[in-house]
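Enquirer: here is the input, now give the coordinates:
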Amino acid sequence: MSQRETGRLKKADVFIVRFLPLVLFIMLGDVILDSWRGISQYPFNLLHSNSAIYAAVLFFISLADRKYHCVWNRAMYVELIVVPLINYTDAIFCIFKDAKPMLIVIFVTWFLAAIATVFLAIGHFIIAMMKKYRRGLI
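Expert: Residues are numbered from 1 along each chain as shown. This is a model prediction of the structure:
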């Protein structure tokens, strides 16, 4: 591989690690809304659901490597870990007797993660802009 190709791949992996939780989080929101409407996304849902281990690995990669360090997506990663764990726990122990309480719990956790993501993103970009301002780059 040439130096240029390696540089492109490094940029691509940073993009993937930062962009993937956003895409999966939005897809999860769509699945939750369709569940409220009684619409099953069964085959599509198999593509990205029940991936707590995958989301956990990406979360720890984003914490471990400085180039992937992105504060604003942490809540989305945590939500992508929590939902499959709720589904798995309910499948084993039948915690929720009906679909409605389970949907309420999952929607509340999704909504809280969305709010946390917005606050983390605003804080992250304000701090970044303040650092640039102090350095005289703005």
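Enquirer: C-alpha from now on. contacts and neighbour counts both.
Expert: Noted.
Enquirer: can you pull the buried residues of the longest helix seen in the chain?
Expert: Longest helix in the chain, counting residues (DSSP state H): helix 99-135. Buried residues in helix 99-135, defined by neighbour count with 16 or more other C-alpha atoms under 10 Å: Met102, Leu103, Ile106, Phe107, Thr109, Trp110, Ala113, Ala114, Ala116, Thr117, Leu120, Ala121.
Enquirer: any idea which of those is the one closest to Asn73?
Expert: Relative to Asn73, the closest of the buried residues of helix 99-135 is Thr117; by C-alpha to C-alpha it sits at 6.2 Å.
Enquirer: tell me the first helix or strand C-terminal of the lowest-mean-pLDDT helix or strand in the chain.
Expert: Least confident helix or strand of the chain, by mean pLDDT, DSSP states H and E, is helix 42-48 with a mean of 74. Going down the chain from helix 42-48, the next helix or strand is helix 52-64, by DSSP states H and E.
Enquirer: pLDDT averaged over that next one - what is it?
Expert: Average pLDDT, helix 52-64: 85.
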